[in-house]
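J.: Provide a 3D model corresponding to the input given below.
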Amino acid sequence: MKTGDHRGDGMMMREGQPRLGFRARLRRGWNITKLGIHVVRADPELMVYTFLSGLFSIGAAIFLLAATGAMGFFTGGEEGIESGMYVGMFLTYMVVGMITVFWNAAIIASAYERLTTGTNPSFSYGIKEAAKRLPAILMWGLISGTVGLIVGLLEGMAQSDNPVIAIIGSIVRFFVQVAWWMTTFFVVPMLVLEGLQVGESMRRSPELFKQTWGEDIVSTGGTGVVNFLVIMLVVLICMPLLYLAVATEPTGPYAHLGPGLALALMFIGVGLSVLFFTACEAVNRASLYYYAKTGEAPPLAQKHGLDF
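T.: This is a model prediction of the structure:
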């Protein structure tokens, strides 16, 4: 029996436990946010998963767009470039969807192991767990990529010069994104931790979301707010440095060294913040999944004095 299957079977009996009021949901959601921050601080290698996800996604997008554009040029000249780019965009959405889901599955598996056992799994642990569910992950990546493509088309409508089309596109895009987020919130944890198929995961995910909707919203929003505040802090620290570097009007071969260092420091700080809190979001989802299945806080939460 797979490890993920065993853990899932052991928790199935406790689904549907009654939840408390909205204020309690707020408190639990915020505690889940704090737990995610604690976990990533203690295990910063979780950020490597998010870094590799972004790196492979960008690399795949550049390669596919360049390759399809070149093929279009060789087959149809300049007119063929545009059609080739459309094909490239379609393939990019599909491939990036699969890459993103795979690394999300890896970080959720690794985070769940730490949350439930208190151990520090190796970096390869998450990759191995995700690889076990590769067919389902690839299928879910294709589905996610298709939805991403639809959202991208709606984004194009939202930027239309026609105000009616722009408004309709914005409204439809918003509701599609929210509905998709709510109904698929626990699909990846179910795929990698329970070993369920895509169809069963899609069917059961909304049921779990209904039980933990308040915690899901608060933890996701809380992580986003903290990330925003950290980014603002980085910018506020770096902008005076950039101003000083420019205002002193340096000359000579190193004239641009000061502004360059200030900009580099700002971009590095913002990038690290994004990586850190993206990893926190994945840890939060693992914590929320455990809570949705058991009605209890993950065992690691007690170590940090966080009561759900």
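
J.: mind checking how far Glu79 is from Val48?
T.: As defined by Cβ to Cβ, to the nearest Å, Glu79 lies at a distance of 43 Å from Val48. Quick note: C-beta positions are derived from backbone N, CA and C, even for glycine.

J.: do the same with Phe276
T.: The separation that Phe276 has from Val48, given Cβ to Cβ, amounts to 11 Å.

J.: who's more crowded, these two?
T.: Taking Phe276 and Val48 together and counting by other Cβ atoms under 10 Å, Phe276 has the greater number of neighbours (21 against 17).

J.: Name the helix or strand for that one, please.
T.: Element membership of Phe276, judged by DSSP states H and E, is helix 257-294.

J.: cool, Gly141 as well?
T.: Secondary structure from DSSP H and E places Gly141 in helix 134-158.

J.: So which elements touch that helix?
T.: If you count contacts as 3 or more Cβ pairs under 8 Å, 6 or more residues apart in numbering; DSSP states H and E, helix 134-158 packs onto helix 46-117, helix 163-183, helix 198-247.

J.: contact partners of that helix?
T.: The set of residues that contact helix 134-158 without belonging to it, under Cβ atoms under 8 Å, 6 or more residues apart in numbering, is 89-90, 93-102, 105, 130, 165-166, 168-170, 172-173, 176-177, 180, 184, 187-188, 191-192, 196-198, 201.

J.: Mind listing what's buried along it?
T.: Of the residues in helix 134-158, 136-145, 147-149, 151, 154, 157-158 count as buried by neighbour count, 16 or more other Cβ atoms under 10 Å.

J.: relative to helix 163-183, how tilted is that helix?
T.: Following axes from the mean of the first three to the mean of the last three Cα atoms, to 10 degrees, one obtains 160 degrees for the angle between helix 134-158 and helix 163-183.

J.: ok now helix 134-158, how far from the chain's centre?
T.: In terms of Cα atoms, centre = their mean, to the nearest Å, the centre of helix 134-158 is found 14 Å from the chain centre.

J.: and Arg23, which of the helices and strands packed on helix 134-158 is closest to it?
T.: The closest approach between Arg23 and any of these, judged by Cβ to Cβ, belongs to helix 198-247 at 9.4 Å.

J.: Report the angle between the helix holding Gly141 and helix 198-247.
T.: 60 degrees.

J.: Ramachandran angles for Gln159?
T.: According to degrees, to the nearest 10, the main-chain angles of Gln159 amount to phi -100, psi 10.

J.: So for it, what's the pLDDT?
T.: Looking at Gln159, its pLDDT stands at 88.

J.: can you pull the contacts of the closest residue to it other than its chain neighbours?
T.: Here the nearest residue to Gln159 in space, its sequence neighbours aside, is Ala166; by Cβ to Cβ, 6 or more residues apart in numbering that works out to 6.7 Å. Contacts of Ala166 were listed using Cβ under 8 Å, 6+ apart, and they are Met157, Ala158, Gln159, Ser160.

J.: Return the member of the residues you listed nearest to Phe63.
T.: Closest approach to Phe63 among the contacts of Ala166 (Cβ to Cβ): Gln159, at 26.5 Å.

J.: Quick check: the gap between the closest one and Ile108.
T.: Computed with Cβ to Cβ, the distance linking Gln159 and Ile108 is 34 Å.

J.: if you count what's nearby, which of the two comes out ahead?
T.: Here Gln159 and Ile108 are compared on neighbour count by other Cβ under 10 Å; more neighbours surround Ile108, at 25 against 11.

J.: The more buried one and Ala286 touch, don't they?
T.: Yes: under the criterion of Cβ atoms under 8 Å, Ile108 makes contact with Ala286 at 4.9 Å.

J.: Any regions of the stretch 101-250 of the chain where pLDDT drops low?
T.: The model of the stretch 101-250 of the chain has pLDDT under 70 over residues 245-250.

J.: The host helix or strand of Val188: how far from the chain's middle?
T.: Counting by DSSP H and E, the element that carries Val188 is helix 187-189. Per Cα atoms, centre = their mean, the displacement of helix 187-189 from the mean C-alpha position of its chain is 12 Å.

J.: Not counting its own residues, what contacts that helix?
T.: With Cβ under 8 Å, 6+ apart as the contact definition, helix 187-189 has outside contacts at 101, 104-105, 108, 112, 140, 198, 201-202, 205, 285-286, 289.

J.: same thing but 7 Å
T.: Outside of helix 187-189, the residues within contact range by Cβ atoms under 7 Å, 6 or more residues apart in numbering are Val101, Asn104, Ala105, Ile108, Trp140, Ser201, Met202, Ser205, Arg285, Ala286, Tyr289.

J.: Of those residues, which pair is most distant in space?
T.: Met202 and Ala286 (18.9 Å).

J.: Compare these two (neighbour count), which wins?
T.: Comparing Met202 with Ala286 by other Cβ under 10 Å, the one with more neighbours is Ala286, at 28 against 17.

J.: doesn't Glu113 make contact with the more buried one?
T.: No: contact status for Ala286 versus Glu113: not in contact, 9.0 Å apart, counting by Cβ atoms under 7 Å.
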